[in-house]
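Visitor: Show me the folded form of this:
(2 chains)
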There are 2 protein chains.
Amino acid sequence: MRLTLKTGPEKAAEVYTGSAVFQELKTWLGNLSSVTDSIFILTDKKTRSFCLEHLTSVVPSLQLAEVLEIPAGEKNKSLKSAEHLWNILAGKGASRSSLLINLGGGVITDLGGFVASTFKRGIPFIHIPTSLLGMVDAAIGGKTGINLGDIKNQVGTFHHPDAIFIHTGFLGTLDSYGLLSGFAEIIKTALVADIVLWEKLGSIRLQDLLNRQEDEAIWEDLVSASVAIKCSIVEQDFREKNLREILNFGHTIGHAFESLSLQKNRNPLSHGHAIALGMICESYLSTVKTGLNSKDRDAIIHMIFPDYEYYPLHGEDLDFLMDFIGHDKKRTGSGSRFSLLKSPGNAISGVPCEAGEIIESIDFYRTLER
Amino acid sequence: MRLTLKTGPEKAAEVYTGSAVFQELKTWLGNLSSVTDSIFILTDKKTRSFCLEHLTSVVPSLQLAEVLEIPAGEKNKSLKSAEHLWNILAGKGASRSSLLINLGGGVITDLGGFVASTFKRGIPFIHIPTSLLGMVDAAIGGKTGINLGDIKNQVGTFHHPDAIFIHTGFLGTLDSYGLLSGFAEIIKTALVADIVLWEKLGSIRLQDLLNRQEDEAIWEDLVSASVAIKCSIVEQDFREKNLREILNFGHTIGHAFESLSLQKNRNPLSHGHAIALGMICESYLSTVKTGLNSKDRDAIIHMIFPDYEYYPLHGEDLDFLMDFIGHDKKRTGSGSRFSLLKSPGNAISGVPCEAGEIIESIDFYRTLER
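Guide: Numbers count the residues shown, from 1 in each chain, chains lettered A, B, ... in the order given. So this is what the prediction gives:
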């Protein structure tokens, strides 16, 4: 399947999914060969051993590409990594006719997208996401970024890759931790924009799904549906001025959970796990602010628990969360604004919430501890 | 006068010139106030003392803005400066509703544009160029950038500011070194795209002009003409895929001169001075490759010498220049491609030149030593 992500007359990203995706990649690279003087593949150590060999065996021309490897992990989505990569590209004579292929999860596609979109003011790049989170979220939508100290995605660009190739076969390399992380974004996408997908998710037992990560058909189906929804939203509002903000449902409080767990450095939460917890708080806020009924809120909680573990909060954690929410980069002016649900499949962005209401939603979350 | 720089449906930069420019800035800021939560002014130490006070006296609302100051000089157009500024903006709670005003020459507008276009994936920013080079070149066209080590503008974005306010009164703060640097880009703009402006320049004695930097009418006229030409070219090819490349006339070899002089660290050439010398070499190349007649080439040399000093080349300098030209970021694939003149006012880009031809053009330059 091929979708197109437009942002204006200038630039459109092609999104390929389905079983013929590597064949389409071969064709795409073949069409490109006349204008490309060298190909680089950015990946991390882990992805290299799990996915790169498979990629180069089905697309042999990529065996000649120069591989740029960074260590795996969120902490490498840093300015230091970006500087390292810019210097390598410069040293190896990369030009505006070179191509960077980002092969990996969200860290690789965010970092590689930022590096490519700023090296010589932008060189061509494509994403081949290998994690579920990457396939349904990070690689789709042209957001690139790096963390600045502890603040996630503080520096970045809006810049679509030239194309995105989604091969759900790579999900077979993930454990349930990785699958759960990505699955949270599928839940979110359904909740903010597609009641049909939300009902489909309700009919699936998550544990069953996690045990079938090599069952391409079912994942293909969920991933394609989620990608299509996200593309449609992004295309209507590339620079996140309004509509696109609904995709932040669960993220304002979720990012705070994520940052808290990173800062505490004991089993940090995966991005999706943190977003799942954020969705619980923000579903509560939705009942208070935007009329979500409590039955739907409970269905959301039921979708999340017990597969996503409860993350306990202690002493000054609430202060940290509240302080962090003040830093969220989507806030405009005073007060925090949230993307909340009116009902499953129907979200609204820019809802101002008072500190007291946010605290109440976190208190609600705490009543769910088991 | 107000021009508009469009790049697509998404984003257009408004360009204000003329004597009412600060009045227009006041109106512009007034219209913005509802969506802006804080205003930052980036400037350097030198510009702060010469220009900031004037600006805040005519636009008093800016007295409340937070001033971010960096030391003056090209070496501060660095990743280190960008990181410093991102951290300050984050620490001061800047958001996507904040505004960054870049007040200064090309270093400030390139660096500030890069920082603003990448902070939280892009916050609003405007340029108020204070140097002639900034007014006619650096601030116009949406190229932002920083240097990576010795390589100029290796990292950056294509991203228009929201508006550009050009007050030629600031030229009164410049010495002839600064005026000459900017004037080279006016010469270039005329040569690549406007025979009328080229003929007008021919009727002006550069020395007279340099002695009249406070004569706003004459500068206003030249700056407005040059800005209008550049806007028209940029609008047709924002991302420099073809037409915009003609603006690189003089720059392939000029950048090499500039880098050589910086590396030698003895009285480094100003950007414009280096480009003027590059135009001499590339005018020679134009006679060989694109049919520029030698009378026009000599008129170009006559426009440049003796106001721009000859820069002597020694021993291994030629190797450095040739090596550097291989690094030029606009090259595509093998061989160096140049933007050359068919005749004054008529340029063509993407002309491949052999190493032997480039060396010949530098040898020609050396025959002009006095």
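Visitor: Which of the three states applies to A:Ala347?
Guide: strand (DSSP: H, G, I helix; E, B strand; the rest coil).
Visitor: Tell me how many other residues crowd A:Val288.
Guide: Here the number of neighbours of A:Val288 (other C-beta atoms under 10 Å in any protein chain shown) works out to 14. (Each C-beta comes from the backbone N, C-alpha and C, glycine too.)
Visitor: so it sits right up against A:Glu360, yeah?
Guide: Yes. The pair A:Val288 / A:Glu360 is scored as a contact, 7.4 Å apart, by C-beta atoms under 8 Å.
Visitor: Can you show me the CA trace of whichever helix in chain A runs longest as PDB?
Guide: Counting residues, the longest helix found in chain A (DSSP state H) is helix A:216-236. Taking Å, rounded to 0.1, in the frame of the first residue of the first chain, the C-alpha atoms of helix A:216-236 are listed here in PDB:
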ATOM      1  CA  GLU A 216       2.300 -10.600  10.100                       C
ATOM      2  CA  ALA A 217      -1.300 -10.400   8.900                       C
ATOM      3  CA  ILE A 218      -2.700  -9.100  12.100                       C
ATOM      4  CA  TRP A 219       0.000  -6.600  12.800                       C
ATOM      5  CA  GLU A 220      -0.100  -5.500   9.100                       C
ATOM      6  CA  ASP A 221      -3.700  -4.800   9.600                       C
ATOM      7  CA  LEU A 222      -3.400  -2.800  12.800                       C
ATOM      8  CA  VAL A 223      -0.300  -0.900  11.700                       C
ATOM      9  CA  SER A 224      -1.700   0.100   8.300                       C
ATOM     10  CA  ALA A 225      -4.900   1.300   9.900                       C
ATOM     11  CA  SER A 226      -3.000   3.400  12.500                       C
ATOM     12  CA  VAL A 227      -0.600   4.800   9.900                       C
ATOM     13  CA  ALA A 228      -3.400   5.800   7.600                       C
ATOM     14  CA  ILE A 229      -5.100   7.700  10.400                       C
ATOM     15  CA  LYS A 230      -2.000   9.500  11.400                       C
ATOM     16  CA  CYS A 231      -1.100  10.400   7.800                       C
ATOM     17  CA  SER A 232      -4.600  11.900   7.300                       C
ATOM     18  CA  ILE A 233      -4.200  14.100  10.400                       C
ATOM     19  CA  VAL A 234      -0.700  15.200   9.700                       C
ATOM     20  CA  GLU A 235      -1.500  16.100   6.100                       C
ATOM     21  CA  GLN A 236      -4.200  18.500   7.400                       C
END
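Visitor: Beyond it, next helix or strand please.
Guide: Sequence order places helix A:251-264 as the next helix or strand after helix A:216-236, per DSSP states H and E.
Visitor: OK, contacts around A:Val234?
Guide: A:Val234 is in contact with A:Leu5, A:Ile140, A:Gly141, A:Gly142, A:Arg244, counting by C-beta atoms under 8 Å, 6 or more residues apart in numbering or on different chains.
Visitor: The last one - how many residues pack around it?
Guide: Read it as A:Arg244. Residues near A:Arg244, counting by other C-beta under 10 Å: 21.
Visitor: Are the helix or strand harbouring A:Ile359 and chain B in contact anywhere?
Guide: Assessed by DSSP H and E, A:Ile359 sits inside helix A:355-366. No. Shown here: helix A:355-366 not in contact with chain B (C-beta under 8 Å from any C-beta of the partner chain), separated by at least 15.8 Å.
Visitor: export that helix as CSV, just CAs?
Guide: C-alpha atoms of helix A:355-366 as CSV (Å, rounded to 0.1, in the frame of the first residue of the first chain):
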residue,chain,number,x,y,z
ALA,A,355,-3.1,22.9,38.2
GLY,A,356,-5.8,21.6,40.7
GLU,A,357,-7.5,19.6,37.9
ILE,A,358,-4.2,18.1,36.8
ILE,A,359,-3.4,17.1,40.4
GLU,A,360,-6.9,15.6,40.7
SER,A,361,-6.3,13.4,37.6
ILE,A,362,-3.0,12.1,39.0
ASP,A,363,-4.7,11.4,42.3
PHE,A,364,-7.3,9.4,40.4
TYR,A,365,-4.5,7.5,38.7
ARG,A,366,-3.1,6.7,42.2
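Visitor: can you pull the buried residues of that helix?
Guide: Using 16 or more other C-beta atoms under 10 Å in any protein chain shown as the test for burial, helix A:355-366 gives A:Glu357, A:Ile358, A:Glu360, A:Ser361, A:Ile362, A:Phe364, A:Tyr365.
Visitor: Show me what it is packed against.
Guide: Under the contact criterion of 3 or more C-beta pairs under 8 Å, 6 or more residues apart in numbering or on different chains; DSSP states H and E, helix A:355-366 touches helix A:251-264, helix A:271-289, helix A:317-325.
Visitor: most tightly surrounded among the ones you listed?
Guide: Mean neighbours per residue, mean count of other C-beta atoms under 10 Å in any protein chain shown, is largest over the helices and strands packed on helix A:355-366 for helix A:271-289, with a mean of 26.
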